[in-house]
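Enquirer: Sequence unavailable; structure follows:
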């Protein structure tokens, strides 16, 4: 049976709307240590300028 984890993140507050890359990397590495494999990664906008969120899906057998 496969297990899945979903990770989402919104950009930092402020004008630049940048993502917290260190936080993303830490989360991805933690899931990897638990045996999860990244199978999908999307950055999308809910309106406005630039990306508003990312969605990452991990799978483990």
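Expert: Received it, and whenever you're ready, just let me know what you need. All of these numbers come straight from a predicted model, not from anything done at the bench.
Enquirer: quick one, helices of this structure?
Expert: In the chain, the helices defined using DSSP state H lie at 21-33.
Enquirer: pLDDT score assigned to the residue of the chain positioned farthest from its centre?
Expert: The C-alpha centroid of the chain is most remote from residue 1, which lies 23.3 Å away (Cα atoms, centre = their mean). At residue 1, the pLDDT value in this model is 94.
Enquirer: do the same with residue 37
Expert: We have a pLDDT of 96 for residue 37.
Enquirer: need the contact list for it.
Expert: 58-60 (Cβ atoms under 8 Å, 6 or more residues apart in numbering). No exception for glycine: its C-beta is placed from N, CA and C like everyone else's.
Enquirer: Narrow those residues to those that are buried.
Expert: Neighbour-count burial (16 or more other Cβ atoms under 10 Å) applied to these gives residue 58.
Enquirer: With pLDDT and distance to residue 20 as added columns, please give the contacts of residue 37 in TSV.
Expert: Output for these, formatted as TSV (pLDDT from 0 to 100; distance: Cβ to Cβ, whole Å):
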residue	pLDDT	distance to residue 20
58	97	18
59	97	24
60	97	24
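Enquirer: which one of the contacts of residue 37 is nearest residue 32?
Expert: residue 58 (8.2 Å; Cβ to Cβ).
Enquirer: which residues does that closest one bridge with?
Expert: Beta-bridge partners recorded for residue 58 (DSSP bridges): residue 5, residue 38.
Enquirer: Can you name the residues that contact it?
Expert: Each residue near residue 58 by Cβ under 8 Å, 6+ apart is listed here: 4-7, 31, 36-39.
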